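A.B. asks: Just the structure for this:
(one chain, ligands or ions: 1)
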Amino acid sequence: MDTILAGLRAAAEPTRLRLLALLARGELTVSEMTHILGQSQPRVSRHLKLMGDAGLLDRFPEGAWAFFRLAAGGRGADLARAVLALLPADDPRLAEDRQRLAAVRAERTARADSYFRDNAANWDDIRSLNVDEAEVERALSAAVLADHPRLLVDMGTGTGRILELLGPHVERAIGVDRSREMLAVARANLERGGRHNINLDHCMVRQGDMTQLPLAAGEADAVTIHQVLHYADDPAAAVAEAARILRPGGMLAVVDFAPHQLESLRDQHAHRRLGFADSEVTDWFAAAGLVAGEIRHLTGKPLTVVLWCARKPADETPSIPSLSPTRQGAPA
Ligand SMILES: C[S@@+](CC[C@H](N)C(=O)[O-])C[C@H]1O[C@@H](n2cnc3c(N)ncnc32)[C@H](O)[C@@H]1O
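C.D. replies: As a prediction, the model looks like this:
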């Protein structure tokens, strides 16, 4: 009973309920929550600390920022979800918070979009700044093409580099991106046959958000998400969307950075997240009903790039438990 009572006490305050309701919609930083609630940072931090101590929230420090989310597991997580289920959806304060949250997200999106608008033309120089591109591309090609996919979908395709790389080996490839400017460069690249001047007429790009792809469920044999998730508001939602469009037995390959401390990538290159731990990515896979597969760490200077693979179960049976300690012991 002690845990439950501590959790109930921690949640029993109007601002804390509002914070729980906000965090039910995705991870947020303290400054974002301060902005949404219109309260001082020390006050908001105190509420978060109390709820964190009671196991209702998880805190993830990352460079100069700290992200908060609803607790992923344990009694506190169950309690937070039970309390959230009782909150009236039409409460005017909660509705106002949701509107402010939408505005905060729109501002974030606008910042990333403006970065890509400004850098679309020289993106192909920027993309290889911190990593050995060739090594990463070899690993990605080997993982994806081993399956002989027919339809490949590349989420956040940018200038279409992954379509150029894998397109020659598949029947059809579709790249989706939110930025019109990046897509304009991608179209030009595909028309001239990429770096090697080969016919890529079967590769196309479409504008869209990676959490709402313009594709039917079960359509894709393989999905790639190459250096995109560190811009995402909700990377788990992008992984879930990839899982939706995969056919049973299809494979997902995610490439991104391992956790790092290069804060300058936030300031100068609009990154939101400073890399991802293996457990975080495999938790998203498990939550999306995917089975985690090969993980490759490609150590570089200064950044390590990771390739995480996952597969949609062929028979649509529930996913295996994730590799992360938070989910060990969860029912299969
Ligand atoms: C760092 S670039 C990577 C492009 C490409 N995958 C590559 O490796 O060269 C990230 C791309 O993701 C796109 N992007 C970011 N958030 C997105 C979203 N929510 N939906 C679709 N595209 C998004 C950006 O417009 C940008 O083109």
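
A.B. asks: Most proximal residue of the stretch 51-200 of the chain with respect to the ligand?
C.D. replies: residue 158 (2.5 Å; C-beta to the nearest ligand atom). For glycine as for every other residue, the C-beta is placed from the backbone atoms N, C-alpha and C.

A.B. asks: Wait, a helix at that residue?
C.D. replies: No - Residue 158 is assigned coil when assessed by DSSP: H, G, I helix; E, B strand; the rest coil, not a helix.

A.B. asks: How about the contacts made by it?
C.D. replies: 116, 123, 127, 177, 179, 182, 185, 186, 228 (C-beta atoms under 8 Å, 6 or more residues apart in numbering).

A.B. asks: Tell me the pLDDT of the nearest residue to the last one once chain neighbours are set aside.
C.D. replies: Right, the one you point to is residue 228. The shortest distance from residue 228 to any non-neighbouring residue, by C-beta to C-beta, 6 or more residues apart in numbering, is to residue 156 (3.1 Å). Looking at residue 156, its pLDDT is 97.

A.B. asks: How about residue 84?
C.D. replies: So, for residue 84, pLDDT stands at 96.

A.B. asks: if I look at residue 202, how far off is the ligand?
C.D. replies: 19 Å (C-beta to the nearest ligand atom, to the nearest Å).

A.B. asks: per-residue confidence for that residue?
C.D. replies: Confidence at residue 202, expressed as pLDDT, is 94.

A.B. asks: Residue 324 now?
C.D. replies: 41.

A.B. asks: Residue 21 too?
C.D. replies: 97.

A.B. asks: Name the SS class of it, please.
C.D. replies: Following three-state DSSP, we place residue 21 in the helix state.

A.B. asks: cool, and the one 4 residues further on?
C.D. replies: Taking three-state DSSP as the rule, one finds residue 25 in the coil state.

A.B. asks: Skipping adjacent residues, who's closest to it in space?
C.D. replies: Nearest to residue 25 is residue 101, by C-beta to C-beta, 6+ apart, at 6.3 Å.

A.B. asks: Confirm for me that the one you found is in contact with residue 22.
C.D. replies: Yes - between residue 101 and residue 22 there is a contact at 5.9 Å, judged by C-beta atoms under 8 Å.

A.B. asks: what do these two both touch?
C.D. replies: 28, 36.

A.B. asks: So those two - more neighbours on which side?
C.D. replies: residue 22 (22 against 19; other C-beta atoms under 10 Å).

A.B. asks: Paired strands for the longest strand seen in the chain, with orientation please.
C.D. replies: Taking DSSP state E as the criterion, the chain has its longest strand at strand 246-257. Partner strands and pairing direction for strand 246-257 (DSSP bridges) are strand 220-226 (parallel), strand 305-311 (antiparallel).
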